[in-house]
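J.: Need the 3D shape of this:
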Amino acid sequence: MDVRTLCLGVLSFGDTSGYGIRKAVEDWFGHFAHASLGAIYPALAKAVAKGEIEVVGPGDVSLEKRVFRLTEIGRQALVSSVSAASGEEVLRSPFLTAMFFAHLVEMDDVNRIVDERLAGLRQEQRRLRGLPSAEMTEGQRFTIRYAMAMTGAAIAFMEREGRAMVTAINREKSGGF
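T.: Here you go, the predicted model:
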């Protein structure tokens, strides 16, 4: 989903400010989508220009404080975008890129990267557990359960394979193979 669709999705739950949209994107979608601050406000501007959202109240306040409301055009655009989605998942990972080229760097760096990934996965698991799932729709709870399963599997894999991979690379570098 693009950032504009994420913003429309947030607004489908009710009017909120630019800051509220930014916070919801981080809190609600952080386990499956990313939208930088530099992408959210331009997406909101485009959605306003297309008539998908409207500004409620004074429009002369900062974007963070400006309150937005989803229009019927925006609701239709959101439904259209969600309906057109595929079952594809895209994985882009700086961690996996680093591991692909791990044989080129110092083992201390490989160990650090593995440790950082494990710590990040555990932090994400804690964040997911802290989400207010009782207040969410079943679809929202599904995304949390899915992310928990993926994160748990990644932690188990890293605990099982992470150090073994480091040892194998170390052996490879020292000519042990």
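
J.: Show me which positions of the strand or helix carrying Met99 end up buried.
T.: Assessed by DSSP states H and E, Met99 sits inside helix 94-100. Burial within helix 94-100, assessed by neighbour count using 16 or more other Cβ atoms under 10 Å, is assigned to Ala98, Met99. (Glycine included, C-beta is placed from N, CA and C.)

J.: quick check, Val90 in a strand?
T.: No - per DSSP: H, G, I helix; E, B strand; the rest coil, Val90 lies outside any strand segment and is coil.

J.: Can I get stretch 21-28 in CSV, CA atoms only?
T.: Taking Å, rounded to 0.1, in the frame of the first residue of the first chain, the C-alpha atoms of stretch 21-28 are listed here in CSV:
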residue,chain,number,x,y,z
ILE,A,21,-2.3,10.3,11.3
ARG,A,22,1.5,10.1,11.6
LYS,A,23,1.2,8.5,15.0
ALA,A,24,-1.4,6.0,13.8
VAL,A,25,0.7,5.0,10.8
GLU,A,26,3.6,4.3,13.2
ASP,A,27,1.5,2.5,15.8
TRP,A,28,-1.0,0.7,13.7
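
J.: Give me the buried positions along it.
T.: Ile21, Arg22, Ala24, Val25, Trp28.

J.: ok, now stretch 117-130?
T.: In terms of neighbour count (16+ other Cβ under 10 Å), stretch 117-130 has its buried residues at Arg117, Leu121, Glu124, Gln125, Leu128.
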